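> Sequence and predicted structure, then a few things I'm wondering about:
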Amino acid sequence: MNDNHFKFSNAVIGLPVFFVLSLWIVYWVQIRFDFDFYQYGIYPRDFSGLQGVLLSPFIHENLSHLYNNSIPLLVLLAAMQFFYPKQSFAVIAFGILFSGLITWIIGRSNYHIGASGLIYVLVSFIFFKGIQTGYYRLVALSLSVILLYGGMIWYVFPDVDKTISWEGHLAGFITGFAMSLIYKTPEYAKPVIYEWQKPYFNPEEDAFMKHFDENGNFVNSEIPKEETESISTYYSSDFLVNYTITKTEPEDKI
């Protein structure tokens with residue numbers, strides 16, 4: 001498949017805007033009506049804490065927390081929908097589910113909230129899937145993601161910042177990598193490799209290359225020497241041309 005696979009659609013803008021807008025609406029409801037949504041976050045190894053697997057990405061502690069998650073989500077969701085339109089919804093849905101479950105298993109006994117786990121899912125998926133395809137546009141996307149968000153890798157380790165859920169970040173990173181292996185992408189067009197570019201190519205055995213000498217000059221080896229009247233060389237300022245004049249017998253006149 002060629003570059004026509006990448007087509008702009010309304011979903012490229014609509015999906016990230018709708019998702020991020022829903023986060024802001026939930027936060028507005030939380031501060032407007034003084035709701036305590038924290039109890040709906042992931043509480044590890046507690047049965048009631050399982051509800052947070054689906055709800056925690058929509059809950060944020062404060063405006064700074066929400067803002068810092070909104071910008072990456074807008075960028076990454078748009079990239080997912082443009083470059084991986086057939087996989088985007090599955091990656092988002094199952095990314096939230098499985099990263100949440102892993103957090104529920106390995107997390108500290110505290111409420112884990114925020115959409116940062118999904119951000120790590122998207123960063124991990126986009127990076128690893130682009131490298132796996134080997135397609136130059138997707139590899140460039142992978143490198144761009146690393147350039148923008150590569151520093152996030154430090155926050156999958158414990159004790160870097162005790163106020164963040166490194167368990168949720170690690171769970172998202174693992175989930176994104178696993179999904180990059182599971183979900184297949186179309187076969188993209190590979191660069192054209194000519195016969196002479198292949199490592200096993202031997203110019204001495206090639207029928208076409210036999211017509212050229214070691215200096216790259218054309219040699220017509222099919223013309224018998226006895227039929228050759230003369231061989232002249234024409235020089236110009238830019239190139240060298242060898243040409244052959246062949247003697248032919250005149251036809252009998254009638």
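Yes, it's here.
> Now do the same for the closest residue to L63 other than its chain neighbours: helix, strand or coil?
Closest residue to L63 apart from its sequence neighbours, by C-beta to C-beta, 6 or more residues apart in numbering: Y27 at 7.5 Å. From N, CA and C alone the C-beta is placed, and that goes for glycine too. Here Y27 is helix, with the state taken from DSSP: H, G, I helix; E, B strand; the rest coil.
> Next: K7.
Following three-state DSSP, we place K7 in the coil state.
> ok, it - contacts?
P85 (C-beta atoms under 8 Å, 6 or more residues apart in numbering).
> Can you check the pLDDT for it?
Here, the pLDDT recorded for K7 equals 75.
> got it, and V156?
On the pLDDT scale, V156 gets 94.
> I'd assumed Y120 was in contact with it.
Yes. Between V156 and Y120 there is a contact at 7.3 Å, judged by C-beta atoms under 8 Å.
> So for stretch 49-65, what gets flagged as buried?
For stretch 49-65, a neighbour-count test (16 or more other C-beta atoms under 10 Å) marks 49-50, 52-53, 55-61, 65 as buried.
> Dump that stretch to CSV, restricted to CA.
Below are the C-alpha coordinates for stretch 49-65, written out as CSV (Å, rounded to 0.1, in the frame of the first residue of the first chain):
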residue,chain,number,x,y,z
GLY,A,49,-11.3,-0.1,42.8
LEU,A,50,-11.8,-1.9,39.5
GLN,A,51,-14.3,0.7,38.5
GLY,A,52,-11.4,3.1,38.1
VAL,A,53,-10.0,1.0,35.3
LEU,A,54,-12.6,2.6,33.0
LEU,A,55,-13.3,5.9,34.9
SER,A,56,-9.9,7.0,36.1
PRO,A,57,-8.7,8.5,32.7
PHE,A,58,-11.5,11.1,32.9
ILE,A,59,-10.7,12.2,36.5
HIS,A,60,-7.9,14.8,37.2
GLU,A,61,-6.7,16.3,40.4
ASN,A,62,-6.4,19.9,39.4
LEU,A,63,-6.3,22.2,36.4
SER,A,64,-2.6,21.8,35.9
HIS,A,65,-2.9,18.0,35.8
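> which two in the buried residues of stretch 49-65 are spaced the farthest apart?
Farthest apart among the buried residues of stretch 49-65 by C-beta to C-beta are L50 and H65. That separation is 22.5 Å.
> Next up, the contacts around S88.
15, 77, 80-81.
> Who wins on neighbours among the residues you listed?
L77 (26 neighbours; other C-beta atoms under 10 Å).
> Using just helix, strand and coil, how would you label that residue?
Classification of L77 using three-state DSSP returns helix.
> give the contact list for G49.
Per C-beta under 8 Å, 6+ apart, neighbours of G49: 41-43, 104, 111.
> Roughly how far does G151 sit from F127?
13 Å (C-beta to C-beta, to the nearest Å).
> the more surrounded of those two?
Shown here are G151 and F127; by other C-beta under 10 Å, F127 has more neighbours (24 against 9).
> nearest residue to F8 other than its sequence neighbours?
F82 (6.8 Å).
> now stretch 106-120: mean pLDDT?
Averaged across stretch 106-120, pLDDT comes to 96.
> Okay, buried residues for it please.
107, 111-120.
> Please apply the same query to stretch 28-44.
For stretch 28-44, by 16+ other C-beta under 10 Å, it's 30, 37-38, 40-44.
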